[in-house]
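*Asks:* only geometry, no sequence info:
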């Protein structure tokens, strides 16, 4: 494993989802032009390299921090000039963060706290601005003539110590650095071998479906009920300690470290879980402090401890989750594997650990919510309760979720998870026919999702909802683009994979839909029931009615759309009595249900799929 010191630059587009929603093709064309005409030439001019592109952002490395800062300054000034002649909804603004740090090099990618801090600095920058760390300021102080504004020490997510940050002022001094843009061929990120952890297990079990529980970062300011950080610690915060090497061979420590680090990496992909960095957690390797002491020092509710024993062709990994508040083990598991390909086995173990771990944390957090009076909660907690109600997927629970989300927004109008959760309540009203307002509920869901995006909700969650709204509006191409982007942003979220399957199903791509939903179920054995709803509907459209019924017979509970598929499937098999039983359940849940009302809301693109579905409902005796 190679390490080196690097100047790291992270950048992203401000309000990317909003721009795409307003003018998708125009935005993509503008971004492509900015890169070809400005960013690539300037990166080449200052000897940088683009490590990877993320659609709305990029990670870059420069051999000199002076070059990195000069590049960023020139890029932002030129973007300001190019935006001047555009209307506000056409302007593209970047945020830039720059850090110097020790990075881990794997193939042509880089990882580590050095990269994470650059990303956090980028998040602190203003639209069109540049934010740098103290170490960058110290290096350029006597080399680049720029004015800086100190922002103080700021506590940021997943970084143990506060960051002392500075804003680069883009004034006359900055303008004096500008040099002409010289065109160069487009710079593509170097090809990289697929990294092991990209294929690891999904965390959809986390929070019982991550889209329903958005724990986005909050301000660090105190409220009447105490600091927000304390509330986060009460819910879902964790540090993965260095695993013990029990192999009797010190040279095998790399394996125990790799497994613990991969688990940390996979958990960190979720903006909704507070995960302490590897470096901070591993610093307790040789210490004898209690779990409570470590939890207090790191500010986390849970510790994950583990050990690895490799002997001959056999590997045993033992893990246990510790509640630092109670100092007791709340979950433990042992994994025994035969070693044929150690990397494949490592992936399998990490996938299993992370999936089970996410499920346990969700259950523990839900239990904590039930044990506390609502009056003691503030905005963050109202939002959590709203999410818990939302994923019950009933009309009454949906209304209760909406009430709680609105209460959260009364207390904190900028809480992104509450905006996004509230958006979901309106989408579900439309999708499940719980409202007679037609497309008004769908439009309201879209507006609230835009607000959530502007307030900083995780991009993969926003794109997921945008995808489902686009499908409901009949724009299947845009729906698939949104969900593809969501999966790109977070390939470890099972809900995204299951949603992609659903949207592919609606588009008539049944073979691809099968692949995605089966992968989601395989990686997330504790998946919510709606995964089965997606799979059952695929079977129905393929006219495999017996399998459609079999899938839903294994569900713990059934939603209205499940009863519809069961009614249609039994009717197609001429099992009329069973079909009418499920039709009765549909009318019990929604007395106003009719085929005429549901027809405009069927999201299947192909006319034959729509007719096939409606034919089954009519045979089941549901009212026209």
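*Replies:* Perfect, I can see it now. Since the structure is predicted, the reported quantities are computational estimates derived from the model, not experimental observations.
*Asks:* Name the nearest residue to residue 462, ignoring sequence neighbours.
*Replies:* Computed as Cβ to Cβ, 6 or more residues apart in numbering, the closest residue to residue 462 that is not its neighbour in sequence is residue 453, at 4.5 Å. Yep, even glycine has a C-beta here, placed from its N, CA and C like the rest.
*Asks:* which residues does the one you found contact?
*Replies:* By Cβ atoms under 8 Å, 6 or more residues apart in numbering, the contact list for residue 453 reads 15, 17, 18, 416, 459, 462.
*Asks:* Using JSON lines, please lay out those residues together with distance to residue 531.
*Replies:* Shown next, in JSON lines, are these (distance: Cβ to Cβ, whole Å):
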{"residue": "15", "distance to residue 531": "32"}
{"residue": "17", "distance to residue 531": "25"}
{"residue": "18", "distance to residue 531": "30"}
{"residue": "416", "distance to residue 531": "26"}
{"residue": "459", "distance to residue 531": "22"}
{"residue": "462", "distance to residue 531": "21"}
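*Asks:* Tabulate the residues you listed (a markdown table), appending neighbour count.
*Replies:* Below are the contacts of residue 453 laid out as a markdown table (neighbours: other Cβ atoms under 10 Å):
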| residue | neighbour count |
| --- | --- |
| 15 | 18 |
| 17 | 23 |
| 18 | 17 |
| 416 | 25 |
| 459 | 22 |
| 462 | 29 |
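*Asks:* Out of those residues, name the ones that lie in helices.
*Replies:* Mapping those onto helices (DSSP state H) picks out 17, 18, 416, 459, 462.
*Asks:* out of these, which one sits closest to residue 260?
*Replies:* residue 459 (27.4 Å; Cβ to Cβ).
*Asks:* Now do the SS call for residue 7.
*Replies:* strand (DSSP: H, G, I helix; E, B strand; the rest coil).
*Asks:* Look up the closest residue to residue 176, ignoring the ones flanking it.
*Replies:* Using Cβ to Cβ, 6+ apart, the closest residue to residue 176 is residue 145 (7.3 Å).
*Asks:* Residue 154 touches residue 165, doesn't it?
*Replies:* Yes - using Cβ atoms under 8 Å, residue 154 is in contact with residue 165, at 5.6 Å.
*Asks:* who touches both of those two?
*Replies:* Common neighbours of residue 154 and residue 165, counting by Cβ under 8 Å, 6+ apart, are residue 124.
*Asks:* Mind checking which of these two has more residues around it?
*Replies:* residue 165 (26 against 15; other Cβ atoms under 10 Å).
*Asks:* Which helix or which strand is home to the more buried one?
*Replies:* Counting by DSSP states H and E, the secondary-structure element that holds residue 165 is strand 163-168.
*Asks:* buried set for stretch 435-445?
*Replies:* Within stretch 435-445, the residues that count as buried by 16 or more other Cβ atoms under 10 Å are 435, 441, 442, 444, 445.
*Asks:* now whichever strand or helix holds the last one, how far from the chain's geometric center?
*Replies:* Of the helices and strands defined by DSSP H and E, residue 445 is found in helix 440-454. What separates the centre of helix 440-454 from the centre of its chain is 18 Å, taken as Cα atoms, centre = their mean, to the nearest Å.
*Asks:* For the closest residue to residue 390 other than its chain neighbours, list the residues it contacts.
*Replies:* Leaving aside its chain neighbours, residue 390 sits nearest to residue 401 (3.9 Å; criterion: Cβ to Cβ, 6+ apart). Counting by Cβ under 8 Å, 6+ apart, residue 401 makes contact with 386, 387, 389, 390, 421, 424, 425.
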